[in-house]
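> have a look; sequence and predicted model below, questions after that.
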Amino acid sequence: MSLPAHGGALAAWLQRQWWRPRPTLGARLLQPLSWLYRGLAALHRRRNAAPADRGPGEVPVVVVGNLIVGGAGKTPSVIALVRWLRDTGWTPGVISRGYGRGTDAVAQVQPGLGAAHGGDEPLLIQLRTGVPVWVGADRVATLAALRAAHPAVDIVVSDDGLQHHRLRRDVQLVVFDERGAGNGLLLPAGPLREPLPPALPPRTLVLYNAPAASTPLPGFLARRSLAGVTPLADWWAATDGAAQPLHALQGRPLHAAAGIASPERFFGMLEAAGLAIERLPLPDHHDFATLPWPRDAEVVITEKDAVKLRPDRLPPGQRVWVATLDFPLPPGLAAALQPLLPPPPSGCPAPPAP
């Protein structure tokens with residue numbers, strides 16, 4: 001779930017209420033609606049509880065999700081997890097909601113059909129991992145479709161789906177960024193989709209996409225940085241050797257555009273690398289129907305934005321660079337995951353911690 005792409009003044013006002021350490025007066029005025037939301041969510045959970053144990057022929061499922069609205073680094077966490085699973089001997093696949101598709105139908109993500117068909121985040125996951133990715137509003141039906149089409153898949157990662165209670169899961173990985181749980185209230189008074197638990201539920205791990213833990217829950221810290229920049233055409237072509245270090249862009253006037261939940265984090269990473277940028281924050285899941293920068297600008301964008309921008313849409317001579325993420329799975333998290341999953345069918349031992 002994300003804030004509306006064009007929420008305007010209301011969305012901005014809600015954000016100001018949510019991301020405070022304590023509830024504001026405005027948040028308190030909305031709290032009765034939060035109580036109603038909590039009751040409806042509890043009823044939905046009871047009515048849609050999934051069986052705890054795997055049935056015959058079912059594969060392990062790892063759900064990666066947020067307790068808060070908006071992004072907290074979930075997509076790079078899924079990519080890092082899928083890569084670790086593959087290195088450990090699994091054959092993973094991914095299911096996702098496919099936000100922004102305009103349809104709830106179950107479908108396989110296909111790069112040639114673009115982000116409008118599969119959603120920007122699922123398409124990015126497919127491009128960065130190469131594993132089968134299927135999307136659909138009904139995660140159970142999406143899981144069944146993936147397994148029917150790809151019988152070699154022996155473990156499935158659900159991109160989001162923490163609140164999709166019909167989906168049975170072996171492990172839950174809850175991702176937070178530096179904002180934590182905000183003011184600690186449920187929607188719409190706060191950013192939480194469900195209450196922050198006093199202790200971790202069984203088979204649940206927490207990953208902090210932040211320099212330090214941002215909630216009282218114990219968890220693991222992710223080391224997130226930018227690996228470099230790649231020309232947009234080379235990024236789409238997966239051209240080896242096309243990446244440049246960030247410092248190659250130092251001293252050049254740049255526009256930085258980001259249609260993600262927390263664009264300021266991206267801008268801060270570029271500036272920390274010594275780049276002089278003009279910030280262009282865009283709504284989350286921005287569609288790039290028109291280019292939001294001048295025709296003669298040199299631009300740096302995120303990978304999530306790159307999946308919606310084909311090189312042939314650029315004006316002649318314009319340079320657009322894609323900043324790629326370096327986001328390995330923390331060794332401690334990998335060690336904690338292993339006892340929660342059965343041994344991989346291949347029997348391949350886990351790789352050494354980086």
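Cool, got the structure.
> how many other residues sit next to Asp287?
16 (other Cβ atoms under 10 Å). In short, each C-beta sits where N, CA and C put it, glycine included.
> now do the contacts for it.
100, 116, 308 (Cβ atoms under 8 Å, 6 or more residues apart in numbering).
> where does it land in three-state SS?
Following DSSP: H, G, I helix; E, B strand; the rest coil, Asp287 is assigned to coil.
> could I get the buried residue list for stretch 163-178?
With burial defined by 16 or more other Cβ atoms under 10 Å, the residues of stretch 163-178 counted as buried are 163-165, 167-177.
> in the stretch 151-300 of the chain, which spans are helices?
When assigned using DSSP state H, counting those that start in this stretch, the helices of the stretch 151-300 of the chain occupy the ranges 232-237, 263-272.
> on that earlier part again, by neighbours, which of the contacts of Asp287 wins?
Most surrounded of the contacts of Asp287: other Cβ under 10 Å gives Lys308, at 21 neighbours.
> quick one: residues contacting that residue.
Under the criterion of Cβ under 8 Å, 6+ apart, the contact list for Lys308 reads 114-115, 120, 259, 286-288.
> any weak-confidence spans in this protein?
Across the chain, the stretches falling below the confidence threshold (pLDDT under 70) are 1-8, 347-354.
> the strands in it, which residues?
In the chain, strands defined by DSSP state E lie at 61-65, 92-96, 107-108, 133-135, 155-159, 171-177, 204-209, 220-221, 225-231, 254-258, 277-281, 299-302, 320-326, listed in chain order.
> run through the neighbouring helices and strands of the fourth one.
In this case it means strand 133-135. If you count contacts as 3 or more Cβ pairs under 8 Å, 6 or more residues apart in numbering; DSSP states H and E, strand 133-135 packs onto strand 92-96, strand 107-108, helix 120-129, helix 139-149.
> and that strand, which strands flank it?
In the sheet containing strand 133-135, its partner strands are strand 92-96 (parallel), strand 107-108 (antiparallel), by DSSP bridges.
> please apply the same query to the last one.
If you go by DSSP bridges, strand 320-326 pairs up with strand 225-231 (antiparallel), strand 299-302 (parallel).
> so which of those strands is the most surrounded?
Among these, strand 299-302 has the highest mean neighbour count (mean count of other Cβ atoms under 10 Å), at a mean of 24.
> mind listing residues that contact that strand?
229, 232, 249, 254-260, 266, 270, 275, 277, 293, 309, 318-323.
> nearest spatial neighbour of Pro195, skipping sequence neighbours?
Once flanking residues are discounted, Pro195 sits nearest to Leu186: 6.6 Å by Cβ to Cβ, 6 or more residues apart in numbering.
> what's the answer for Pro245, then?
The spatial neighbour of Pro245 that comes closest, neighbours along the chain excluded (Cβ to Cβ, 6+ apart), is Gly228 at 5.2 Å.
> can you report how many residues lie near Pro245?
Every residue meeting other Cβ under 10 Å relative to Pro245 is counted, giving 12.
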